[in-house]
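J.: could you look at this predicted model? Sequence included:
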Amino acid sequence: MQKFKNLAVLIASSLLLFSCGEYQKVLNKGTTSDQFKMAVKMYEGQKFDKALRLFEKVTPAYRGKPQMERISFMVAQSNFNEKNYTESGYYFDRFGKNYPKSSKKEEAAFLSAYSYKLASPRFSLDPTDTNKALESFQSFINTYPDSDKVEEANKHYKELRTKLEEKQFEIAKTYYRTADYDVRNYKAAMQAFDNLLEDYLGTKFKEEALFLKFKAAHDYELKSTDRRKQERIKIALEAYDKFKYSFPESKFLDEANEMEATLQKEKVRIDALVEKMKKATKNTKEIIK
């Protein structure tokens, strides 16, 4: 029994060596036709990395010929299967543009968008592929509204939008967290929270974004000089009113109410100070007359 096992291993190893030797021979010295046949063989055998090396060699010779449509799709699919998702997104997209009458155009359009989604990194990193995926899924949905892939495309689209929402939310929070080192970041944080709420209506971060905007406005006022406080108190109280109106039972409401009370006390003090300064100015003008 052991002899049969050893024999089977030997035969398999010999076939593997022969196959590898044959591949290298065709890759390095084969004709274009042989390289194309070997590329298809490697593709069908799911050896996509080897197929790609051969497709790269034969592409110049087949460009503009009927075989190029098949080669283009296999190149895109090979990159996808090798998890080269940015590349497969590009090649599937180019396939659809180069072969608008192809029976695989719809499949390529979906796989292009899906490739960019798989290439899309976590929310905190460069959103280039995320944006490409969003554009591609939207284009797919608009172009193929009756496709059986529309439901899945919509699902992917929503997931990607949430990723960008989270990125924008984290950027705004970063401005707020770093405002202790640069008070200008309070103003930047308020603007960033406004941008989030404007760009993503109905965002799941709305409650916390409104609260943190108010908190940034409150803290900004505390660190302001008396000369600037009147206007900044007004802005902060407007942010509080909007937050409380939108989320009257928010988990942040107790903290918000405490900050609002502090602002109201400060408003009384500043209003009195402003009034006193106005009277002093009026008296000075009368003396001059």
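T.: Nice, I can see it.
J.: buried residues in stretch 180-194?
T.: Residues of stretch 180-194 classed as buried: 185, 186, 187, 188, 189, 190, 192, 193 (neighbour count, 16 or more other CB atoms under 10 Å). Placement of C-beta: from N, CA and C, glycine included.
J.: again with stretch 114-122
T.: Judged by neighbour count (16+ other CB under 10 Å), stretch 114-122 contains these buried residues: 114, 115, 116, 117, 118, 119, 120.
J.: just how off-centre is that stretch within its chain?
T.: On the basis of CA atoms, centre = their mean, to the nearest Å, stretch 114-122 sits 8 Å off its chain's mean C-alpha point.
J.: returning to what we had before: just name the closest of the buried residues of stretch 180-194 to residue 278, please.
T.: Using CB to CB, residue 187 comes nearest to residue 278 of the buried residues of stretch 180-194, at 27.3 Å.
J.: lowest pLDDT pick from the buried residues of stretch 114-122?
T.: In terms of pLDDT, residue 120 ranks lowest among the buried residues of stretch 114-122, with 86.
J.: would you list the phi and psi of that residue?
T.: phi -60, psi 130 (degrees, to the nearest 10).
J.: again with residue 251
T.: As for residue 251, its main-chain torsions (degrees, to the nearest 10) stand at phi -70, psi -20.
J.: that one: how many residues sit nearby?
T.: Residues within reach of residue 251, counting by other CB atoms under 10 Å, total 10.
J.: likewise for residue 279?
T.: When neighbours are defined as other CB under 10 Å, residue 279 has 10 of them.
J.: contacts for the host helix or strand of residue 108, please.
T.: Residue 108 is part of helix 105-119, with elements assigned from DSSP states H and E. Helix 105-119 is contacted from outside by 73, 76-77, 80, 83, 85-86, 88-90, 92-93, 95-96, 99, 102, 129-130, 132-133, 136-137, 139-140, 143-144, 147, 149, 153, 156, 159-160, using CB atoms under 8 Å, 6 or more residues apart in numbering.
J.: hmm, residue 91 is touching residue 79, no?
T.: Yes - with contact defined as CB atoms under 8 Å, residue 91 reaches residue 79; the gap is 6.0 Å.
J.: how about the strands in this structure?
T.: Read by DSSP state E, the chain holds no strands at all.
J.: hey, which helix is longest across it?
T.: The residue-count maximum for a helix in the chain (DSSP state H) belongs to helix 253-288.
J.: avg pLDDT for it?
T.: pLDDT averaged over helix 253-288 gives 83.
J.: mind listing what's buried along that helix?
T.: Using 16+ other CB under 10 Å as the test for burial, helix 253-288 gives 256, 259, 260, 263, 266, 267, 270.
J.: farthest-separated two in these?
T.: Pairwise distances across the buried residues of helix 253-288 (CB to CB) peak at 20.3 Å, for the pair 256 and 270.
J.: just the buried residues of stretch 180-194: which are in helices?
T.: 185, 186, 187, 188, 189, 190, 192, 193.
J.: about what we covered before: can you tell me which of the buried residues of stretch 180-194 is nearest residue 45?
T.: Nearest member of the buried residues of stretch 180-194 to residue 45, counting by CB to CB, is residue 192, at 51.8 Å.
J.: just give the nearest non-adjacent residue to that closest one, would you?
T.: Excluding the flanking residues, the one nearest residue 192 by CB to CB, 6 or more residues apart in numbering is residue 172, at 3.5 Å.
J.: now do the contacts for that neighbour.
T.: Taking CB under 8 Å, 6+ apart, one finds 189, 192, 193, 195, 196, 209, 212 in contact with residue 172.
J.: in the protein, where is pLDDT below threshold?
T.: Low-confidence segments of the chain (pLDDT under 70): 1-20, 122-126, 280-289.
J.: hmm, 80 instead?
T.: For the chain, the stretches with pLDDT under 80 are 1-21, 121-127, 277-289.
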